[in-house]
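Chemist: Turn this into a model:
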Amino acid sequence: MSDLICIGAIAGSFGVSGEVRLKSFCSEPTDIATYGPLSTEDGSRTFHITLTRPVAGGLGARIKGVSTKEEADALRGTSLYVPRDRLPSLPDDEFYHADLIGLSAYDTGGELIGKVSAIYNHGAGDILEISTARHKSALLLPFTLAIVPNVDLAAGRIVVDLPDEGE
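Modeler: Coordinates of the predicted model:
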């Protein structure tokens, strides 16, 4: 498990006075501003963020030390991280995406399928991408209790109930 969790990204500038548009990956988007200073993954830059207003595609925000559109544009694409210990503990049936990536995936018979390589969410729920040698391409499966009945972070594995080929 990583010590840093990505909770958002800077999507670009908003306006002409250094405001940025943030994409928040928090379940409650405005929570991104409550975790204290955010940083780049390598820790080389720290950002003190103040939310200003909802904007198309995210949240408007001011970043301490950023006062021009050019400075804001230069930050486009920057992922924002927070130390894990600043985030709330989750209930037993919820997981941070960062904790799932890299877990071994086994079928219900105990045979290794592959590893969780990515997680996507396009609005209708989380989708696991499982890299595997058993199939020609990666498997994309809904992250639901029916398909993934068991997640064991301590053992570094998930159990996947693969749908029948005809389904």
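Chemist: just checking, Lys23 is part of a strand?
Modeler: Yes: under DSSP: H, G, I helix; E, B strand; the rest coil, Lys23 sits within a strand.
Chemist: The chain should start at 46 in everything you say after this.
Modeler: New numbering, starting at 46: the last item is Lys68.
Chemist: Check the gap between it and Gly60 for me.
Modeler: 17 Å (Cβ to Cβ, to the nearest Å). Every C-beta, even on glycine, is put in place using the N, C-alpha and C of the backbone.
Chemist: More neighbours: these two, which one.
Modeler: Per other Cβ atoms under 10 Å, whichever of Lys68 and Gly60 has more neighbours is Lys68, with 17 against 13.
Chemist: list the contacts for that one?
Modeler: Neighbouring residues of Lys68 by Cβ atoms under 8 Å, 6 or more residues apart in numbering: 53-56, 102-103.
Chemist: Among the residues you listed, name the ones in strands.
Modeler: Secondary structure from DSSP state E places 53-56, 103 of those in strands.
Chemist: Neighbour count, distance to Ser162 and pLDDT added to these, as a markdown table?
Modeler: Shown next, in a markdown table, are these (neighbours: other Cβ atoms under 10 Å; distance: Cβ to Cβ, whole Å; pLDDT from 0 to 100):
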| residue | neighbour count | distance to Ser162 | pLDDT |
| --- | --- | --- | --- |
| Gly53 | 26 | 22 | 93 |
| Ala54 | 18 | 20 | 95 |
| Ile55 | 25 | 25 | 96 |
| Ala56 | 18 | 24 | 94 |
| Gly103 | 20 | 26 | 91 |
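Chemist: Could you list the domains of the protein?
Modeler: 49-131, 142-205 (automatic domain parsing).
Chemist: Select the longest helix from this structure.
Modeler: helix 114-119 (DSSP state H).
Chemist: Would you indicate which residues of the next helix-or-strand element following it are buried?
Modeler: Under the assignment DSSP states H and E, the closest C-terminal helix or strand after helix 114-119 is strand 124-128. Within strand 124-128, the residues that qualify as buried are 124-127, counting by 16 or more other Cβ atoms under 10 Å.
Chemist: Can you list the neighbours in contact with the helix or strand following strand 124-128?
Modeler: Later in the chain than strand 124-128, the nearest helix or strand by DSSP H and E is helix 142-145. For helix 142-145, contacts defined as Cβ under 8 Å, 6+ apart pick out 46-47, 50-51, 161, 164, 171, 173, 188, 196, 198, 203.
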